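Colleague: Provide a 3D model corresponding to the input given below.
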Amino acid sequence: MTKHSHSESSMHRVPSSGAVEHGYPSGHLGHLTEHEEQALVEFKTLLEEKGLYKPGNLPSHDDPTLLRFLRARKFVPEDAYVQFSETEKFRKANQIDVLYDTIDIDSILDSPDDVTSGAQFQLVTRSLRMIELIIFARGIPIYVFQIRHLDSHAVSKYEKSTETTYSRAKTDGKTPAKLLRLFALYENLTRFVQPLSSECTDRPHPETPITLSTNIVDISHVSLRMFWNLKAHMQAASQLATAHYPETLDRIFIIGAPMFFSTVWGWIKRWFDPVTVSKIFILQEHDVLPVLTTFMHLKDIPKNYGGELEWDFFDEPAWDDEVKRVCQWENGHTAFPPGPLYWKPIDDGKRLECLAVGSKGETDRRERVCTITRAYPPKTTEDTLVSTADSQTADTLEGEETETFVTPTEKPIINGEVPTANIAALSISESNQ
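Modeller: The predicted structure follows:
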């Protein structure tokens, strides 16, 4: 694994492939080496022996989920088991499934000025609604966060509303309820957004499930005091997410960084391992459009960031046309309703149904929104494990026939240098000019 050192006084942005061992789609289903295939088999066997995994046509955990834990632990099954088992204990102790199934929908959708939703739900749970969600060139969904809405008034009221998860979930008594609400966002990502993205086949490697997301974090007009007020929450939330939702991040693009951001960066980079830090791009104003267009089409970039998409932060998600094509709407729905949703396999895994869940008052919501006929239904382990030679051949043919984006993922890092054709390192001296 390649690692890049970061001095205490420097901000540095590097392409994720420069420090991660598995740039997408390497290390993902359908693109495993012989060693990685064997590690997956051994990992399943170990989990089954420990009572944490049930195999079958519809297993307790799918291969993409297991591979996230393996990638996070360099495909060492024993190390992946430690993290996986801790996550399963955490989920059970805090009833994460109950939390997502019963979380109060109104608490998610109330106005930004509401006492209970102003900070936490804007930053996380409210993001179920207030994100730009498009499926771009590589098929990976995009989330947009604007931090400037989290003023001191909202944060202060949020800090006082920490006694409930706004659901029927009981906690382990150690994890603050306010942080558990964060998991509604990650459950939405892994159980709704990523499976939906995986069924969109107008992308490179359509047979490979999507288990990543890209975040655009707009920190323009944010004061140092605002960062300071959010510091403890961001640190705890980041550490919990890294521990229990590994390998769900493709990249973070930080936009609108103020002059003092080097101080904030000094805090942030200590919360993550070098691999995660390497996935963070700090973009100056003149970098934004050139960098984003190496990862996505101009038509999919909001106009606020130099693109062509008519979309604002408080708008509903901007779904890709492919999403609309694959969904067969039911029960009067013509779009995804607000609040928590997830996909459930039906017809022996050949189709997926989208369920809208959550609660209003004492009434639970559990309604089918739509179904999708799966483009790549589940196969046996023998069918899904692709040899290195076959994978390389398929990638070569695909590269010849489909449109590709030249990104830092496709360029090697030599001696820690960043490919200047796409991204240039940002130092404090540069940021102060």
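Colleague: Low-confidence regions, the stretch 251-400 of the chain specifically.
Modeller: 379-400 (pLDDT under 70).
Colleague: Show me the strands in it, by range?
Modeller: Here the stretch 251-400 of the chain has its strands, by DSSP state E, counting those that start in this stretch, at 280-283, 328-329, 341-346, 351-356, 359-360, 363-364, 367-373.
Colleague: ranking those strands by burial, who's on top?
Modeller: The highest mean neighbour count among the strands of the stretch 251-400 of the chain, using mean count of other C-beta atoms under 10 Å, belongs to strand 280-283: a mean of 22. To be clear about C-beta, it is placed using only N, CA and C from the backbone, and glycine gets the same treatment.
Colleague: any idea how far residue 91 lies from residue 193?
Modeller: 19 Å (C-beta to C-beta, to the nearest Å).
Colleague: okay, the two: which has more neighbours?
Modeller: Neighbours around residue 91 and residue 193, counted as other C-beta atoms under 10 Å, are more numerous at residue 193. The numbers are 23 against 15.
Colleague: Around the nearest residue to that one once chain neighbours are set aside, how many other residues sit close by?
Modeller: Among residues not flanking residue 193 along the chain, residue 141 sits closest, at 5.2 Å (C-beta to C-beta, 6 or more residues apart in numbering). Using other C-beta under 10 Å, residue 141 has 25 other residues around it.
Colleague: ditto for residue 361
Modeller: With other C-beta under 10 Å as criterion, residue 361 counts 8.
Colleague: again with residue 234
Modeller: 17.
Colleague: Phi and psi next, for the nearest residue to residue 289 once chain neighbours are set aside.
Modeller: Leaving aside its sequence neighbours, residue 289 sits nearest to residue 306 (C-beta to C-beta, 6+ apart; 3.7 Å). Per-residue torsions, residue 306: phi 90, psi 0 (degrees, to the nearest 10).
Colleague: got the contact list for residue 306?
Modeller: 288, 289, 292 (C-beta atoms under 8 Å, 6 or more residues apart in numbering).
Colleague: try 10 Å this time
Modeller: Residues in contact with residue 306 (C-beta atoms under 10 Å, 6 or more residues apart in numbering) are 285, 288, 289, 290, 292, 293, 298.
Colleague: Next up, identify which helix or strand the nearest residue to residue 244 once chain neighbours are set aside is on.
Modeller: Leaving aside its sequence neighbours, residue 244 sits nearest to residue 87 (C-beta to C-beta, 6+ apart; 4.6 Å). Secondary structure from DSSP states H and E places residue 87 in helix 77-93.
Colleague: Could you check how far the nearest residue to residue 107 once chain neighbours are set aside is from residue 339?
Modeller: Using C-beta to C-beta, 6+ apart and skipping the chain neighbours, the partner closest in space to residue 107 is residue 166 (4.2 Å). According to C-beta to C-beta, residue 166 and residue 339 sit 12 Å apart.
Colleague: just to revisit the earlier point, how many neighbouring residues does the residue nearest to residue 107 have?
Modeller: 25.
Colleague: doesn't residue 28 make contact with residue 140?
Modeller: No. At 11.2 Å, residue 140 and residue 28 do not qualify as touching, with contact defined as C-beta atoms under 10 Å.
Colleague: of all the contacts of residue 306, which comes closest to residue 364?
Modeller: residue 292 (40.2 Å; C-beta to C-beta).
Colleague: mind listing what the closest one touches?
Modeller: 136, 142, 214, 216, 253, 255, 281, 283, 298, 300-302, 305-307.
Colleague: Please indicate which of the residues you listed are buried?
Modeller: 136, 142, 214, 216, 253, 255, 281, 283, 300-302, 305, 307 (16 or more other C-beta atoms under 10 Å).
Colleague: In TSV, list these along with distance to residue 34.
Modeller: Below are the buried ones among the contacts of residue 292 laid out as TSV (distance: C-beta to C-beta, whole Å):
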residue	distance to residue 34
136	32
142	34
214	30
216	37
253	35
255	41
281	33
283	38
300	36
301	39
302	43
305	42
307	41
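Colleague: Of these, just say which sits nearest to residue 69.
Modeller: residue 214 (20.8 Å).
Colleague: Tell me the backbone dihedrals of that closest one, please.
Modeller: According to degrees, to the nearest 10, residue 214 has phi -110, psi 130.
Colleague: from memory it sits against residue 250, does it?
Modeller: Yes. Using C-beta under 10 Å, residue 214 and residue 250 qualify as a contacting pair, with a distance of 4.8 Å.
Colleague: shared neighbours of these two, anything?
Modeller: 16, 138, 140, 141, 142, 279, 295.
Colleague: Quick one: neighbours of the third one, just the number.
Modeller: Under the neighbour criterion other C-beta under 10 Å, residue 140 is assigned a count of 21.
Colleague: And it, how close does it get to residue 333?
Modeller: Counting by C-beta to C-beta - residue 140 and residue 333 are separated by 25 Å.
Colleague: Residue 342 pairs with what?
Modeller: residue 355 (DSSP bridges).
Colleague: which residues does it contact?
Modeller: Counting by C-beta under 10 Å, 6+ apart, residue 342 has contacts 97, 100-101, 187-188, 190-193, 195-196, 352-357.
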